[in-house]
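Q: structure, please.
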Amino acid sequence: MSEEAENKDPLRRPYLSLPGATGMPDIGEILAHMPAEQQHRFESAGEFVKRLAHRVQKWRERLGEDEQPVILALLSNGNAIEVRSVGEDGHSSVVVEGVLDGASCMFVSHQASFQILCYTQKVEPEKRRKIGFYVGGEEIEA
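A: Numbering: from 1, shown residues only. Next up is the predicted model:
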């Protein structure tokens with residue numbers, strides 16, 4: 001895909017723009033110049049959850065008053081949990097609280113096998129809800 005096509009396709013654009021930077025960041029290049037301790041932190045579940053929270057916040061800013069983001073945690077058996085909150089569980093795992101087939105549930109996964117799907121849903125403006133993200137004892141609502 002050409003750079004021009006990437007810039008027109010909102011799914012291929014980075015969620016965060018930096019002056020002088022174009023396209024998606026090369027994670028390998030970033031990690032190659034990062035000290036080992038900082039690299040270890042970058043790869044942590046906490047950083048993953050924090051980056052996800054900021055992506056959802058930026059995404060929500062562009063949605064209409066009658067839309068809200070929805071996150072589904074995809075399970076290996078094909079089921080999906082509608083995420084109400086997600087947080088770090090140690091260095092490399094995430095814990096999700098949500099709804100599966102109408103019942104409340106909790107799901108713990110290693111971040112390497114954690115798959116999500118994000119989409120928008122039409123709702124009445126007064127029924128919009130936030131998704132909670134928990135990192136290092138801090139709550140980020142998005």
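
Q: grab the most central residue of the protein for me.
A: Compute the mean C-alpha point of the chain, and by CA atoms, centre = their mean the closest residue is Leu52, 2.6 Å away.

Q: which SS state does that one fall under?
A: At Leu52 the chain is in helix, as set by DSSP: H, G, I helix; E, B strand; the rest coil.

Q: now swap in Gln57 and tell me
A: Under three-state DSSP, Gln57 comes out as helix.

Q: if I pick it, what's in contact with it?
A: Neighbouring residues of Gln57 by CB atoms under 8 Å, 6 or more residues apart in numbering: 140, 142. C-beta coordinates here come from the backbone N, C-alpha and C atoms, glycine included.

Q: could you report the separation of it from Lys50?
A: 11 Å (CB to CB, to the nearest Å).

Q: and the strands in the protein?
A: Using DSSP state E, the strands of the chain run over 67-74, 80-89, 93-100, 103-110, 115-122, 132-135, 138-141.

Q: of all those strands, which lies closest to Ala45?
A: Among these, strand 80-89 comes nearest to Ala45, with 4.2 Å by CB to CB.

Q: hmm, who's touching the closest one?
A: Here strand 80-89 makes contact (CB under 8 Å, 6+ apart) with 44-46, 48-49, 52, 70-75, 94-100, 105, 107-108, 116-117, 131-136.

Q: quick one: Ser104 and Val96 touch, right?
A: No - look at Ser104 against Val96 with CB atoms under 8 Å: they stay out of range, at 11.3 Å.

Q: in the protein, where is pLDDT below threshold?
A: Applying pLDDT under 70 to the chain flags the ranges 1-42.

Q: coming back round to it: and for Gln57 and Lys50, which residues touch both?
A: Joint contacts of Gln57 and Lys50 (CB under 8 Å, 6+ apart) are Ile140.

Q: what is the burial count for the nearest residue to Glu141 once chain neighbours are set aside?
A: Nearest residue to Glu141, sequence neighbours excluded (CB to CB, 6 or more residues apart in numbering): Lys130, at 4.2 Å. By other CB atoms under 10 Å, the residues close to Lys130 number 16.

Q: ok, Lys130 to Asp101 distance?
A: Counting by CB to CB - Lys130 and Asp101 are separated by 23 Å.

Q: with Phe48 instead?
A: Taking CB to CB, one finds Phe48 at 26 Å from Asp101.
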